[in-house]
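Undergrad: attaching a predicted model along with its sequence, questions to come.
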Amino acid sequence: MTRWIAIPMILMAWGCKEKNEGAVSGALSSARSQADSALAEGRAKGNDALSSARSNADSAAAGMRANADTAIGGMRANADTALGGMRAKANSAVGGMRAKADSAAGGMRAKADSAAGGMRANADTALANARGTAERALRGDTSTAPGAAPNSAGNAETSTNPSSGEAAMSPARGANFDLSGLSNDQVKELQTALNSAGCKAGPVDGVVGPRTQHGIACGMQKNHIAGQDTKALYQALHLNFGG
């Protein structure tokens, strides 16, 4: 009897087990479906977020590149401007140096020309004196012109113009005229006047040297002025600083 009662209970328990297994299987299937759905949704959102982040990063990188290009362009422009200014200053400095060099070269040329002119004047004077001495030696003439300044031998040197036969005085050697009362500019005027009168007084530099003294002696002789009367020479040369 007990056996027969147990059989239905076993069958009921078996049925409950199958129902429970079905419920568990359904719940498990539902949970899996929900998990898959949630996973798919999470993946979709993650992809969207990743895509948005990539887009933002690309935009930020593009902005940074644009800013960098702008900065580089500004730096290049500033560098070109600075370089242009440096080139302009360098060219200006080179031009100034060239101008100074040209000016210095011009001054040196002028001094060289003046020195050469003085040397030529001295050479011409020496040649004229030599010719006069030679002509007098050939004639045996040892006379001196009246009022002539003495030469190194104590007599005035004379030369004769072959066309007229007249004796002409040559400038005295070693003449020493006192020009201490004249300024530098006045000495220059005197040198200019003597050169214009044919008495080579050397370069017009305001310096009283041997050539200037020789020119004064020549002017004194040409204007028949005796002694050291330089005031008379100034008047003869139309110079109004003789006092």
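TA: Yep, that arrived.
Undergrad: these two touch, right, residue 241 and residue 188?
TA: No: in this structure, residue 241 is not within contact of residue 188 by C-beta atoms under 8 Å, at 11.4 Å. For every residue, glycine as well, the C-beta is placed using N, CA and C.
Undergrad: the two - which one has more neighbours?
TA: Between residue 241 and residue 188, counted using other C-beta atoms under 10 Å, the more crowded position is residue 188 (16 against 13).
Undergrad: and that one, which helix or strand is it part of?
TA: Using DSSP states H and E, residue 188 sits within helix 184-196.
Undergrad: for that helix, give me every contacting residue.
TA: 179, 182, 200-208, 212, 215-216, 218-219, 234, 237-239, 241 (C-beta atoms under 8 Å, 6 or more residues apart in numbering).
Undergrad: just the ones of those residues in strands?
TA: The strands, defined by DSSP state E, take in nothing from the contacts of helix 184-196.
Undergrad: now those residues: which count as buried?
TA: By neighbour count, with 16 or more other C-beta atoms under 10 Å, those hold 182, 200-204, 206, 208, 212, 215-216, 218-219, 234, 237, 239 as buried.
Undergrad: need the max-distance pair from these.
TA: The distance between the two most remote of these (C-beta to C-beta) is 20.2 Å, for 203 and 234.
Undergrad: and the helix or strand hosting residue 29, how far out from the chain's middle?
TA: Taking DSSP H and E as the definition, residue 29 sits inside helix 2-139. Per C-alpha atoms, centre = their mean, to the nearest Å, the displacement of helix 2-139 from the mean C-alpha position of its chain is 35 Å.
Undergrad: summarise which helices and strands it is packed against.
TA: strand 158-160, helix 210-222 (3 or more C-beta pairs under 8 Å, 6 or more residues apart in numbering; DSSP states H and E).
Undergrad: and of those, who's closest to residue 5?
TA: Using C-beta to C-beta and comparing those, the one that lies nearest residue 5 is helix 210-222, at 169.0 Å.
Undergrad: which elements pack onto the closest one?
TA: Using 3+ C-beta pairs under 8 Å, 6+ apart, helix 210-222 sits against helix 2-139, helix 184-196, helix 230-236.
Undergrad: now for these, which one comes closest to residue 224?
TA: It's helix 230-236; of these, that one is closest to residue 224 (C-beta to C-beta) at 9.1 Å.
Undergrad: residues in contact with that closest one: which ones?
TA: Under C-beta under 8 Å, 6+ apart, the answer for helix 230-236 is 177-179, 190, 216, 219-220, 223, 225, 240-243.
Undergrad: where does this structure dip in pLDDT?
TA: 1-4, 101, 105, 110, 112-118, 120-126, 128-129, 131-132, 135-175, 242-243 (pLDDT under 70).
Undergrad: please repeat the previous calculation with a cut-off of 50.
TA: Along the chain, segments meeting pLDDT under 50 span 142-170.
Undergrad: give me the nearest residue to residue 229, chain neighbours excluded.
TA: Distance criterion C-beta to C-beta, 6 or more residues apart in numbering; nearest residue to residue 229, sequence neighbours excluded, is residue 220 at 7.8 Å.
Undergrad: for that neighbour, give its distance to residue 192.
TA: 17 Å (C-beta to C-beta, to the nearest Å).
Undergrad: neighbour-wise, which of the two wins?
TA: Neighbours were counted for residue 220 and for residue 192 using other C-beta under 10 Å; residue 220 has more, 26 against 14.
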